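Asks: structure for this input, please:
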Amino acid sequence: MSQKNYMVFKVGEEEFGVDVADTVSIILLPAITRVPKAPEYIKGVINLRGEIIPVMDLRERFGRKVENTEETRVIIFNVDEAPIGCIVDSVSEVLQLPQENVKGVSELGDNMVEEYIFGIAKIDSRVISLVDLEKLVA
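Replies: Numbering: from 1, shown residues only. Model (predicted):
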């Protein structure tokens, strides 16, 4: 039985997971420098330990209400060896998922999922959408 670790975060009431191997760090919401003519969900760039990192608001990307709270975080992911920051409502845990708990999106029907979700994991009463970072930032 193979297992994989996922970083679980919330956008609104929904839970999402990303392979923990793609996670670099989790930080408090910093000051973000706007970038002219960027899409609305690209908030700008941050300087993190001397590295300039673009920041995307996943709440806007997923069409949700944007409201910063004490729980709001930026998760820094490595996508194609380049860092990107993603603003989320909260980060909850690292979850070890048995691969038999993960259903591919093709099993659910085409119109039920967004193009950047590659699978759905069921844990007890929870449903966690698994995000394909490369498609998300494309």
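
Asks: in this protein, which spans are helices?
Replies: 58-61, 133-137 (DSSP state H).

Asks: residue 28 pairs with what?
Replies: Counting by DSSP bridges, residue 28 is bridged to residue 73.

Asks: and residue 5, by the same measure?
Replies: Counting by DSSP bridges, the residues bridging with residue 5 are residue 96.

Asks: in this structure it contacts residue 98, no?
Replies: No - with contact defined as Cβ atoms under 8 Å, residue 5 does not reach residue 98; the gap is 11.4 Å. C-beta here means a position set from N, CA and C on the backbone, and glycine is covered the same way.

Asks: now for residue 68: which residues touch it?
Replies: residue 29 (Cβ atoms under 8 Å, 6 or more residues apart in numbering).

Asks: now, of the helices of the chain, which is deepest in the fold?
Replies: Most buried of the helices of the chain by mean neighbour count (mean count of other Cβ atoms under 10 Å) is helix 58-61; its value is a mean of 20.

Asks: does anything pack onto it? Which helices or strands?
Replies: Under the contact criterion of 3 or more Cβ pairs under 8 Å, 6 or more residues apart in numbering; DSSP states H and E, helix 58-61 touches strand 82-88.

Asks: chain center to the strand it packs on, what's the gap?
Replies: 8 Å (Cα atoms, centre = their mean, to the nearest Å).

Asks: any idea how far residue 53 lies from residue 125?
Replies: 36 Å (Cβ to Cβ, to the nearest Å).

Asks: coming back round to it: save the helices of the chain as a markdown table, and put in distance to residue 34 and mean pLDDT too.
Replies: Listed next are these as a markdown table, based on distance: least, Cβ to Cβ, whole Å; pLDDT from 0 to 100:
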| stretch | distance to residue 34 | mean pLDDT |
| --- | --- | --- |
| helix 58-61 | 14 | 92 |
| helix 133-137 | 18 | 88 |
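
Asks: what residues of stretch 29-46 count as buried?
Replies: Using 16 or more other Cβ atoms under 10 Å as the test for burial, stretch 29-46 gives 29, 32, 41-46.

Asks: take the residues you listed and keep only those in strands.
Replies: Per DSSP state E, strands hold the following members of the buried residues of stretch 29-46: 42-46.
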